[in-house]
Structures are given as C-alpha cells and as structure tokens.
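**Q** dropping the sequence and predicted coords here.
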Amino acid sequence: MIVALIAIEIVSLMVISKVYPESHTSFKIGIIAALCILLGVKTMLPSLFVPLTLAVLGLNFMYNFYSNNKRKRGAYKRKKAKRMKL
C-alpha cells in the first residue's frame, strides 16, 4: 500500500508541478520521503509503524484539502518565471 501511495504521489507531482507553487512541490517531496522512510521503520521498529503511518497519511490528507481549497479561491498560483532581457 505504501509503495502504491509513493507511486501515486510521484505521478500527481509530475502532473501538477507546473500549476502549484514551489512550496507545494517541496511539501509533496517531503511526503514522498516520509513514505519511503516508513518502509524502513516497518522492518526496524514495527511498534511505531502504525502511528507514524497514520500521522503521515493524515498530514497528507489535510494538506490536500487545504491546497485544493486555496487553489479554488485563486490564492495558490505558481509565479511566472522572469525572463532575462538583454
């Protein structure tokens, strides 16, 4: 399940990276890293696996709602890249 979530997050990041700002991209990369770390936690410390997994999934779920609502209001846009003029 975690591997599937990692794949879904990577695909969604590739699809919407041009729409959302850099802070969103950084947060999603952090979520992907946390999910990868959870794979190691599962083998080394199984008693913490369930609470940490629920925390990461809950944080991701809440952030998705936050960013989606902010995007619908029009307050969450990527800044256009400035082109250098010679």
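**A** That came through, no problem.
**Q** distance from the chain centre to the host helix or strand of residue 7, please.
**A** Secondary structure from DSSP states H and E places residue 7 in helix 2-16. Mean C-alpha position of helix 2-16 versus that of the full chain (CA atoms, centre = their mean, to the nearest Å) differs by 8 Å.
**Q** what residues does the helix or strand just after that helix touch?
**A** Moving toward the C-terminus from helix 2-16, the first helix or strand encountered (DSSP H and E) is helix 22-44. Identification of contacts with helix 22-44 by CB atoms under 8 Å, 6 or more residues apart in numbering yields 2-3, 5-6, 9-10, 12-13, 17, 48-49, 52-53, 56, 59-60, 63, 67, 76, 78. All C-beta spots, glycine's among them, are computed from the backbone N, C-alpha and C.
**Q** where in this protein is pLDDT low?
**A** 75-86 (pLDDT under 70).
**Q** mind naming the longest helix for it?
**A** helix 46-73 (DSSP state H).
**Q** which residue is nearest the middle of the chain?
**A** Geometric centre of the chain, nearest residue: residue 28, 2.1 Å, by CA atoms, centre = their mean.
**Q** rewinding a little: against which helices or strands is the longest helix of the chain packed?
**A** Packed against helix 46-73 by the contact rule (3 or more CB pairs under 8 Å, 6 or more residues apart in numbering; DSSP states H and E) you find helix 2-16, helix 22-44.
**Q** now do the buried residues in it.
**A** 49, 53, 56, 57, 60, 67 (16 or more other CB atoms under 10 Å).
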